[in-house]
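> just a sequence and a predicted model for now, questions to come.
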Amino acid sequence: MKGKIMKNKSVTQSLLTGLFAALVLAASNSIVRAVDCPDGATTWTNAMGGSWFDPNNWDNGVSGDNTCAFIDDGGVATVDSGHAATAQAQRLYLGYSQGDSGSVVVDGADLDVEYYYPYPDCYGPIYVGNHGRGTLTIDNGRTVYARYVYIAAAANQTGRNSNGTVTVEGGASLLVNPGECSLAGGAQICIGCDANGNDGGTAVLNIKDATVEVDNLAAEGVLPPGVTVGPSGTLKGNSVLTLTGTTSLSQTASVLGTLAPSGTLTIKGNLDLTANDTSNSANTICHVTPTANDSVEVSDATGGGQVTLGGRITVIMSGSFTQGSRFTLVHAAGGRNHTRFRFYSIISLSGSSGSCITPTITYDDYNVYLSLESCASVGGAEDP
C-alpha cells in the first residue's frame, strides 16, 4: 500500500510541478509581451484559420497601429480581399515562444507593421518563428511593410530551435525600411539570427518572381548589413533583392549560411560570403544543365556591386555536356577584389558527351565560372 501511495504522490507532485512551470512560463511571457507591447496586444484564437479582419478570430479585437499581434496557436491568419482597410500591427509575432507556431498569408490586401510614436509612420518588427515556428507568405502582388524582419531569431538553449520561413512570390513585395523613424537604427532582415547577429534557428527567405527591398537609410548610429544570413539560414530565389544605405555595410547581404539561387538571383548592393568568418561556413549552391544554370548577379545599381568570396561553392551538374562550355555562376559588377571560394564541390548527376572533360571553377576580375575543360588543360586557371 505504501508503494502505491508513494507512486500516486509522485504523480501528483509531477503534475503540480508541470502546472507550476506552465504558469511561470505564461507569466513570464505575459511580462515580456507587456514590455514589448506597452499599448496592448491581441492574440489569434482561431486554430482552424480565418480572416485577419474578423474580430472574432482575436482575443482583443483586430490589431491596429497601436497593438501587437501574436499568432501562436498553429492557426493561419489570411490578409484577404474584400476589406477596405490595410491590415495593421505595431509588432507581429508568429511563434513567439518555444512550442508555439503561427502563420500569416498576405494575398488579398497589404500589411503594414507600423506605429505612430514618436513619429508618424514608423515601421515596426516582424518575428517569424521567434522561439517557436512561423511562416509568412506574401503573394498575389501584395506588399508587406516593416522595419525589421527576424526569421527564426532564437537558438533555444534546450529543446527544438526556432524555425521560420518567409516566401515572397507572385509579383509581391517585402519592403523593409524605418519609415519616418530614420534618425538612427536603420533597417534589416535577419535570416537565422537575431538583431545582434547571434545565431538563431533554421530560417529561409525565398524570393520567387517578386521583390524584396531593404532601405537602410538612418542618419545616425552604426548601421547593420541590410541582410544577414546566419549559419543555419538560407537565402534563395530567382528575383531581385535591393539593398540601399548610407554606408557600404548597410548595402550588403552578409551570408554565413546558404545562398541558393534558383535561376538568376539579383542582388542590387554588395555580397559578402565571409563576414570575417574563419569557419568558411557559407555555401553557395548552383544547379547547371547544358542549357541553363543558376547564378548570382551582384549589381551596382544602388552604388554597390562588390563581392567578397569565401566559404564553399557547390555545383550540381545534370545532363550531357560538351567540352569548352562555360557557365557564369557569379557576376560582380563592381569586381570580386581577387577573392576566391575557399572550397568547391562539383557533383555530376549524369555523364558528358565528347572527349574527356573535367569541370572546374575559374575566375576573372568580375566573374566566377564553371568551365568544362579537356582533361589535359586542367590546372591552368589562375587569378588574373
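Yep, it's here.
> tell me where the model's unsure across the chain.
Low-confidence segments of the chain (pLDDT under 70): 1-36, 116-120, 182-185, 218-222, 275-278, 351-355, 376-384.
> ok, Asp209 - contacts?
By Cβ atoms under 8 Å, 6 or more residues apart in numbering, the contact list for Asp209 reads Glu169, Gly170, Gly171, Asn238, Ser239. All C-beta spots, glycine's among them, are computed from the backbone N, C-alpha and C.
> just the buried residues out of these, in ChimeraX syntax.
Selecting only the buried entries of those in ChimeraX, with 16 or more other Cβ atoms under 10 Å as the criterion:
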select :169,238,239
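> dump the contacts of Asp209 to a markdown table, plus distance to Leu205 and secondary structure.
Formatted as a markdown table, the contacts of Asp209 follow (distance: Cβ to Cβ, whole Å; DSSP: H, G, I helix; E, B strand; the rest coil):
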| residue | distance to Leu205 | secondary structure |
| --- | --- | --- |
| Glu169 | 12 | strand |
| Gly170 | 16 | coil |
| Gly171 | 17 | coil |
| Asn238 | 13 | coil |
| Ser239 | 11 | coil |
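> save the contacts of Asp209 as JSON lines, and put in distance to Gly305 too.
JSON lines is the format used below for these (distance: Cβ to Cβ, whole Å):
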{"residue": "Glu169", "distance to Gly305": "26"}
{"residue": "Gly170", "distance to Gly305": "28"}
{"residue": "Gly171", "distance to Gly305": "26"}
{"residue": "Asn238", "distance to Gly305": "20"}
{"residue": "Ser239", "distance to Gly305": "18"}
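> return the closest of the contacts of Asp209 with respect to Pro224.
Taking Cβ to Cβ as the measure, Pro224 lies nearest Ser239 of the contacts of Asp209, at 22.6 Å.
> skipping its backbone neighbours, what lies nearest the closest one in space?
Among residues not flanking Ser239 along the chain, Ile207 sits closest, at 4.3 Å (Cβ to Cβ, 6 or more residues apart in numbering).
> one more: Gly108?
Ser81 (3.2 Å).
> got a list of what the residue nearest to Ser262 when sequence neighbours are not counted touches?
Once flanking residues are discounted, Ser262 sits nearest to Asn238: 4.9 Å by Cβ to Cβ, 6+ apart. By Cβ under 8 Å, 6+ apart, the contact list for Asn238 reads Ile207, Lys208, Asp209, Pro261, Ser262, Gly263, Thr264, Leu265.
> please redo it, this time with the cut-off set to 10 Å
Residues near Asn238 by Cβ atoms under 10 Å, 6 or more residues apart in numbering: 169, 206-210, 261-266, 294-295.
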